[in-house]
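**Student:** generate a structure from the sequence data that follows.
(one chain, ligands or ions: 2)
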Amino acid sequence: MKKNADLILETVLQSSAHMTAEEIHAALRDSGHRMALATVYNNLAQLHSEGRIRKVCVEGHPDRYDKMIRHDHLVCRRCGKLTDICFQDLTKLLQSQTDEELLSYDLQVSYICPACRRTAHPASTTDP
Ligand SMILES: [Zn+2]
Ligand SMILES: [Zn+2]
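**Tutor:** Ligands and ions are numbered 1, 2, ... in the order given. So this is what the prediction gives:
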């Protein structure tokens, strides 16, 4: 029997969908693992505090969970959708500007996602 924490960790690591706790809960249920939503929340908090998963917070949206592997996020200002993007690693650049030892940074860049751009400008729906 796998522990709940392992099942939750696997679900987060295997997905690139930036799932919320509720989506993780539903995905586990669909694959036959029933656990209380509170259990999912507790394990996510624990995994996050152990530095095994990453939590992505966007104002006005529920927290989403992500793998630790270094990458950045484009965040749609309209719908809050997250898109993975890998900008050049800025750790050294940032570190050169402070004497404090930096552990990591979290970069979220706002934009308007293609889907929202299309709804805003219906005339351009002929774009590929
Ligand atoms: Zn959008
Ligand atoms: Zn991500």
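**Student:** what helices and strands are in contact with the top helix by length along the chain?
**Tutor:** Ordering each helix of the chain by length in residues (DSSP state H) puts helix 37-49 first. Applying 3 or more CB pairs under 8 Å, 6 or more residues apart in numbering; DSSP states H and E, we find helix 37-49 packed against helix 4-14, helix 21-30, strand 54-56. Every residue, glycine included, has its C-beta placed from N, CA and C.
**Student:** per-residue pLDDT of residue 84, please?
**Tutor:** Turning to residue 84, the model gives it a pLDDT of 95.
**Student:** any figure for the gap between the closest residue to residue 101 other than its chain neighbours and residue 85?
**Tutor:** Spatial nearest neighbour of residue 101, chain neighbours left out: residue 95 (7.9 Å); criterion: CB to CB, 6 or more residues apart in numbering. Going from residue 95 to residue 85 by CB to CB, to the nearest Å gives 21 Å.
**Student:** and for residue 22?
**Tutor:** Counting by CB to CB, the gap from residue 22 to residue 85 is 25 Å.
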